[in-house]
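In: Show me the folded form of this:
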Amino acid sequence: MNLTIYIFTFVLACVTILPKVEGSSPRSCRARNLVSSHWSSVLESGRFQSSLVGDHHLHRLRRELLELYTAVQMYKNQYTEETFGKSFYEMDNELPDLSYDDVIPSSSILRSTINDAAHTEYAHHVLEAYDLFQRLELSTELVLQQSSSSSPTRMVWSHFRREIQKIVQNLYTEIVGRGIVPPHPLLRESISHNLRCMQHSVYRDIRNFIIYRSVDKVSRFYFKIFTDSD
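Out: Model (predicted):
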């Protein structure tokens, strides 16, 4: 086995068995209310009102998915070069199968071994997209909480999070417009303690790369789904 792949695999394996040492958790682990989230707060406040006139929200959704996916492609090599000194392609090859259930659940169609997206009902795609983009919003919030204000990649994560928040809003509008009862919004506790509270920067860098790759996969997949449904 390539030595670099072995080291990364070993580090990630260690992450999954880290003990829950609450007293030594980074400050950012305890900085937010875990039984809330940005999106749940928006819904509870009544600040967001779904606009069901026509299909303008679907046009916005496609535009925002494209903007997110384009930004991911634009910054990916810059991000991995600054963090790991390697291209995104190299990092992707060294960590080919690593993922987090908290970010993309194992039940997701994106992690299916059979490409049956074409045979999946549209309503299921909308509901799963709503779930996944909330997970990405929580994950990018986590990355930002644990990055320094001087981090060169902070602007990238902030950009991603803003686009993801707009995507979540338009997915919610599409769900309501289809007459589907929207699921309860995901809360910060959806991201496990071990994923939130990694003690070493090496662990966090690997976690953040996997989150970045998840944003790449999800935005690419759903841009195609919602463009083809036009």
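
In: what sits against the residue nearest in space to the middle of the chain?
Out: With distances taken as CA atoms, centre = their mean, the residue of the chain nearest its centroid is Leu136 (2.1 Å). Neighbouring residues of Leu136 by CB atoms under 8 Å, 6 or more residues apart in numbering: Val103, Phe160, Ile164, Ile211, Ser214, Val215, Val218. Just so you know, the C-beta spots here come from the backbone N, C-alpha and C atoms, and that holds for glycine as well.

In: just these now: which is nearest Asn194?
Out: Val103 (13.0 Å; CB to CB).

In: coming back round to it: and the two most separated of the contacts of Leu136?
Out: Val103 and Phe160 (13.0 Å).

In: hmm, back to that, where does the residue nearest to the centre of the chain fall, helix, sheet strand or coil?
Out: Three-state assignment for Leu136 (DSSP: H, G, I helix; E, B strand; the rest coil): helix.

In: got a pLDDT number for it?
Out: Leu136 carries a pLDDT score of 98 in this model.

In: And for Pro19?
Out: Value for Pro19, per-residue pLDDT: 39.

In: got it, and Ile191?
Out: 95.

In: Against Ser45, how distant is it?
Out: Ile191 sits 22 Å away from Ser45, going by CB to CB, to the nearest Å.

In: Who has more neighbours out of the two?
Out: Set Ile191 next to Ser45 and count neighbours by other CB atoms under 10 Å: Ile191 wins out with 21 against 8.

In: Let me see the contact set for the more buried one.
Out: Applying CB under 8 Å, 6+ apart, the residues contacting Ile191 are Asp102, Arg135, Leu138, Ser139, Leu142.

In: List just the nearest of these to Leu34.
Out: Leu138 (10.3 Å).

In: quick one: contacts for that closest one?
Out: Ser37, Leu186, Arg188, Ser190, Ile191.

In: Same check on Leu66?
Out: Phe223.

In: And the next helix or strand past the helix or strand in which it is found?
Out: Per DSSP states H and E, Leu66 falls inside helix 56-84. Per DSSP H and E, the first helix or strand lying C-terminal to helix 56-84 is helix 88-94.

In: For that following helix, buried residues please.
Out: Phe88, Met91, Glu94 (16 or more other CB atoms under 10 Å).

In: Return the distance of the first one relative to Phe209.
Out: Just to be clear, that refers to Phe88. Separation of Phe88 from Phe209 (CB to CB): 9 Å.

In: between those two, what contacts are shared?
Out: Thr80.

In: Give me the neighbour count for the residue nearest to Phe88 when sequence neighbours are not counted.
Out: Spatial nearest neighbour of Phe88, chain neighbours left out: Lys76 (4.1 Å); criterion: CB to CB, 6 or more residues apart in numbering. Lys76: 21 surrounding residues under other CB under 10 Å.

In: Please consider this matter closed, and thank you.
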